[in-house]
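Peer 1: fold the following and give me the result.
(chains A and B)
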Amino acid sequence: MIELKDLSAGYNGVETVHRVCALFPPGEVTVLIGPNGSGKTTLLRAAAGLIPPMSGAVLLDGRSLGEYSSRQAAQRIAFLPQSRTPPQLSAERLVLHGRFPYLTYPRRYRKEDREIAGEALRQAGAGELAQKPVCSLSGGERQKVYLAMAIAQDTETVLLDEPTTYLDIRCQLEVMELARELSRRGKAVVMVLHDLNLALRCASRLLLLENGSLQAAGPAEELVRSKSLSRVFGVQVRALPDKDSVHYVFSPLP
Amino acid sequence: MKYSPISSTLRSKPGLVLLLGAALCLAAALASLCLGAASLSPAELWEAAFAKGATPASAILLFVRLPRTLGALAAGAGLACGGVILQAVFSNPLAGPNIIGVNSGAGLAAALCCALFPTAIWALPASAFAGALLAAAAVFTIARKSGASRMTMVLTGVAVSSVLGACTDAVVTLVPDALAGFNSFRIGGLAGVTLRQAGPAFLYILAGLALALMLSNELDILSLGEDTARSLGLHAGRARLILLLAAALMIGSAVSFAGLLGFVGLLAPHICRLLVGGESRRLLPASALFGAAFLTLCDLLSRLLFSPFELPVGILLSFLGGPFFLWLLLRQKGGRIHD
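Peer 2: Here you go, the predicted structure:
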């Protein structure tokens, strides 16, 4: 399990995330929310070990992430960045590269890796796309293929940076359902979401960031009740309970 | 990108494409051995190859045609594979050896080597290799510092190329004696290639290809972008360095005897990508074969087109390559495929 301990991080010597303490527990979908520039992506990249902490630490099962080799870390943590160059690889091959952290000499993928990759594609609902070049797919299909790659990577933690941006509503819901399915299987799923509505509905836990500091953490109802959500975003939030879920309505502050 | 039915049929049969490439290579090599100022029929070629004493035909074959054909095959394969690697390492489809200054780096190093150590012919490939590597590393570092955009890298390449070109001009002007043949080096051509040059280069290029093929997974993963590569556990920096070494080895070796040939490293990978897709383990051998066949055929054409006069093949390549590069640029803008 990943634990952030007083984590500060940033780029080029400028600290944009300040002393954040948080846990990414297995079996939960943890969603990072916050206004533009609040440090969500920086936090996620630091948790993935892509940028070093400026102070504090990212702990993986109690040991600093830096103590793991990059291969070991890649067997435990998967990370999907938001912007990607769509590759000319076939979907099948891209997903197969999710097995790269497990590659041993002679550096070729084994039959077992191929089976895992094929199964991951099916689980992501992209089985029929196997032979297509990823660059010829639609945004939603592409996202599913990348998620399949993360599934094939077979890690206990999956970090996703804005996995639903630019997708139409159906694909958004499918991606979120897939994320929840992964958490039900015991993975810790952590994602940055820009869409507050989607975030409140789908997260089991939310981390609310403002100017790089953690303002609140907990389930959606709690963040709404404590008013921290409306304070940080500067909007009024009302919860409307429905049959089996809660809907949220946002309106400008009076 | 729209894939035509032909290309999608071929993509599902990569073995067939490789076979086709090998056949094309063989045919091009045979034609290159037979045709020229004094043409030989295949039967005469056979006779010349296995003649006991030295006949005029066997002399032509051994000292002119064979080195030239071997040189064309090796340089074509080396530049094409070098192009594949550069495009993946820079994750930029416009990265070709002549676009991003790798050729000019090799050129400057070769010019310096000729000027400072005029007798050390053996050092030429090594210095071209070092020049190619340094130029690639410089462009990569500068482009990364100044921003991640595709165009930044091309512009950095242009700037670095022009500085390196100016240095080369300075060397050529200051030490004119050592560089009598430099003009033809700059244009790029395969006339006057000897076996002593082409032989070692051929081996270096094969070694580079083997190294690149061993790292084909890494090459694929690098093309996915830095963050994805690192989160898959790849040491991106180390992998890039080793792959740039392989590319510089191949490009430097090619440039050391064939001069600054442009656009093979851009044309062959793009055409092969349409035929076999983007997987490096297929793209590398396909590009090697098609690049080799393409350069051999272009060289043959440049020999025959204005016979008995001969056009340096570099001129022909630039004629073909320039418009192709423009087409790539324009397509990119419309399609948004490559970012």
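Peer 1: got the residues of the stretch 1-150 of chain A near chain B?
Peer 2: Neighbours of chain B within the stretch 1-150 of chain A, by Cβ under 8 Å from any Cβ of the partner chain: A:45, A:48-50, A:69-75, A:77-81, A:83-90, A:93-94, A:97-98, A:100-101, A:103, A:107, A:109, A:131, A:133, A:135-136. (Each C-beta comes from the backbone N, C-alpha and C, glycine too.)
Peer 1: mind checking which of those residues are in strands?
Peer 2: Among these, the members falling in strands (DSSP state E) are A:77, A:78, A:79, A:80.
Peer 1: ok, the first one to residue A:131 distance?
Peer 2: Using Cβ to Cβ, to the nearest Å, residue A:77 is found at 29 Å from residue A:131.
Peer 1: give me the more crowded residue out of these two.
Peer 2: With neighbours defined as other Cβ atoms under 10 Å in any protein chain shown, residue A:77 and residue A:131 compare such that residue A:77 has more, 28 against 13.
Peer 1: please name the nearest non-neighbouring residue to residue A:200.
Peer 2: Take residue A:200 and drop its neighbours on the chain: the residue closest to it by Cβ to Cβ, 6 or more residues apart in numbering or on different chains is residue A:220, 4.3 Å away.
Peer 1: reformat the ones in strands among the residues of the stretch 1-150 of chain A next to chain B as a markdown table; add pLDDT.
Peer 2: Listed next are these as a markdown table, based on pLDDT from 0 to 100:
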| residue | pLDDT |
| --- | --- |
| A:77 | 97 |
| A:78 | 97 |
| A:79 | 97 |
| A:80 | 95 |
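Peer 1: make CSV out of those and add distance to residue B:117.
Peer 2: Shown next, in CSV, are these (distance: Cβ to Cβ, whole Å):
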residue, distance to residue B:117
A:77, 52
A:78, 52
A:79, 50
A:80, 52
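Peer 1: which one of the residues you listed is nearest chain B?
Peer 2: The closest of those to chain B turns out to be residue A:79 (Cβ to the nearest Cβ; 3.8 Å).
Peer 1: beta partners of that closest one?
Peer 2: residue A:159 (DSSP bridges).
Peer 1: what's around it, how many residues?
Peer 2: 26.
Peer 1: state the distance from it to residue A:180.
Peer 2: 19 Å.
Peer 1: likewise residue A:6?
Peer 2: Per Cβ to Cβ, residue A:6 is found 30 Å from residue A:180.
Peer 1: and if you look at residue A:22?
Peer 2: Using Cβ to Cβ, residue A:22 is found at 20 Å from residue A:180.
Peer 1: what is the burial count for residue 63?
Peer 2: All of this is about chain A. Around residue A:63 there are 10 other residues, counting by other Cβ under 10 Å.
Peer 1: correction: the question concerned chain B.
Peer 2: Residues contacting residue B:63 under the criterion other Cβ under 10 Å number 12.
Peer 1: need the pLDDT of it.
Peer 2: At residue B:63, the pLDDT value in this model is 81.
Peer 1: ok, the one 4 residues further on next?
Peer 2: Predicted confidence (pLDDT) at residue B:67: the value is 90.
Peer 1: so where's chain B uncertain?
Peer 2: Across chain B, the ranges flagged by pLDDT under 70 are B:1-11, B:147-150, B:178-181, B:332-339.
Peer 1: list the residues that contact whichever residue of the stretch 101-250 of chain B sits closest to chain A.
Peer 2: Taking Cβ to the nearest Cβ, chain A has its nearest neighbour within the stretch 101-250 of chain B at residue B:233, 2.9 Å off. For residue B:233, the contact set (Cβ atoms under 8 Å, 6 or more residues apart in numbering or on different chains) comprises A:69, A:70, A:71, A:72, A:73, A:74, A:75, A:100, A:101.
Peer 1: quick check, it in a strand?
Peer 2: No - assigned with DSSP: H, G, I helix; E, B strand; the rest coil, residue B:233 falls outside any strand and is coil.
Peer 1: how many neighbouring residues does the residue nearest to it when sequence neighbours are not counted have?
Peer 2: Nearest non-adjacent residue to residue B:233, counting by Cβ to Cβ, 6+ apart: residue A:74, 2.9 Å away. The local packing of residue A:74 (other Cβ under 10 Å) involves 24 other residues.
Peer 1: quick check, residue A:74 in contact with residue A:150.
Peer 2: No - look at residue A:74 against residue A:150 with Cβ atoms under 8 Å: they stay out of range, at 11.0 Å.
Peer 1: quick revisit: verify the contact between the residue nearest to residue A:200 and residue A:247 for me.
Peer 2: No - applying Cβ under 8 Å, one finds residue A:220 not in contact with residue A:247, separated by 10.9 Å.
Peer 1: shared neighbours of these two, which are they?
Peer 2: Common neighbours of residue A:220 and residue A:247 (Cβ under 8 Å, 6+ apart) are residue A:201.
Peer 1: of those two, which one has the most company?
Peer 2: Comparing residue A:220 with residue A:247 by other Cβ under 10 Å, the one with more neighbours is residue A:220, at 23 against 12.
Peer 1: next, the residue of the stretch 51-200 of chain B found nearest chain A: secondary structure please.
Peer 2: Going by Cβ to the nearest Cβ, chain A is nearest to residue B:91 of the stretch 51-200 of chain B, at 5.3 Å. Using three-state DSSP, the structure places residue B:91 in coil.
Peer 1: now it: phi and psi?
Peer 2: Backbone torsions for residue B:91, taken as degrees, to the nearest 10, come to phi 30, psi 60.
Peer 1: okay, now it: neighbour count?
Peer 2: 21.
Peer 1: for it, what are its contacts?
Peer 2: Residue B:91 makes contacts with A:85, B:222, B:223, B:224, B:225, as judged by Cβ under 8 Å, 6+ apart.
Peer 1: try it again at 7 Å.
Peer 2: Contact analysis of residue B:91 by Cβ atoms under 7 Å, 6 or more residues apart in numbering or on different chains lists A:85, B:222, B:223, B:225.
Peer 1: ok, which pair from these is furthest apart?
Peer 2: A:85 and B:222 (10.5 Å; Cβ to Cβ).
Peer 1: surely residue A:182 meets residue A:191?
Peer 2: No - counting by Cβ atoms under 7 Å, residue A:182 does not reach residue A:191; the two are 10.7 Å apart.
Peer 1: looking at the two, which is more packed in?
Peer 2: Taking neighbours as other Cβ under 10 Å, residue A:182 and residue A:191 compare with residue A:191 leading, 25 against 21.
Peer 1: output the contacting helices and strands for the one helix or strand residue B:20 maps to.
Peer 2: Assigned by DSSP states H and E, residue B:20 belongs to helix B:14-34. If you count contacts as 3 or more Cβ pairs under 7 Å, 6 or more residues apart in numbering or on different chains; DSSP states H and E, helix B:14-34 packs onto helix B:42-49, helix B:66-89, helix B:264-276, helix B:280-304.
Peer 1: list the buried ones in the first one?
Peer 2: So that's helix B:42-49. Neighbour-count burial for helix B:42-49 flags B:44, B:45, B:48 (criterion: 16 or more other Cβ atoms under 10 Å in any protein chain shown).
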